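*Asks:* model this:
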Amino acid sequence: TRSDIEYANLELKVELPPITGNAIIQLMSKGSYIFREDILSKDSTLSYPNLSPGEYKIKLIFDENKDGKWTTGKYIPRTLPERVIFYSEPLEMKEGWDKNITWTIPE
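*Replies:* Okay, here's the model as predicted:
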């Protein structure tokens, strides 16, 4: 087992615009493996302790129909897919680092 100083910690503050549904936040590794998924309906602070060193990315899905997953669009009823955005840059987490990020989501 590793000691605590061999891991990194991330605190993510998400500031959401007024939305009709929920927002799904996914913390992903560089290879798109989802480590954790959280569903938000208002501004929140998320804590990700004990992350292995490496590169991560954060994905946000606007879950308009509140089904807890990304919904594709459909041609016949002419519905668009749910909007997806990524945090602007990859997160490099190193041993012993604590990183605090505030992500203000545009409308």
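*Asks:* For this protein, which segments count as helices?
*Replies:* For the chain, applying DSSP state H gives no helices.
*Asks:* So the residue of it positioned farthest from its centre versus residue 70, what's the distance?
*Replies:* Seen from the C-alpha centroid of the chain, the residue lying at the greatest distance (Cα atoms, centre = their mean) is residue 76, 30.8 Å away. Distance of residue 76 to residue 70, given as Cβ to Cβ, to the nearest Å: 19 Å. The C-beta positions use only the backbone N, C-alpha and C, and glycine is treated the same way.
*Asks:* ok, and for the longest strand that the chain contains, which residues are buried?
*Replies:* For the chain, the strand reaching the highest residue count under DSSP state E is reported as strand 54-63. Using 16 or more other Cβ atoms under 10 Å as the test for burial, strand 54-63 gives 56-63.
*Asks:* Residues in contact with that strand: which ones?
*Replies:* For strand 54-63, contacts defined as Cβ atoms under 8 Å, 6 or more residues apart in numbering pick out 10, 12, 14, 19, 21-30, 35, 39, 69-71, 82-87, 90-93, 103, 105.
*Asks:* Provide the strand pairings for it, with the direction of each partner.
*Replies:* strand 22-29 (antiparallel), strand 84-86 (antiparallel), strand 91-93 (antiparallel) (DSSP bridges).
*Asks:* Which of those strands sits closest to residue 50?
*Replies:* For residue 50, the closest of these is strand 91-93, at 10.6 Å, according to Cβ to Cβ.
*Asks:* What residues sit buried inside stretch 24-36?
*Replies:* Neighbour-count burial for stretch 24-36 flags 24-28 (criterion: 16+ other Cβ under 10 Å).
*Asks:* swap in stretch 79-92?
*Replies:* Buried residues in stretch 79-92 (16+ other Cβ under 10 Å): 82, 87, 91.
*Asks:* chain center to that stretch, what's the gap?
*Replies:* Offset of stretch 79-92 from its chain centre (Cα atoms, centre = their mean, to the nearest Å): 9 Å.
*Asks:* State the mean pLDDT of it.
*Replies:* Mean per-residue pLDDT for stretch 79-92: 89.
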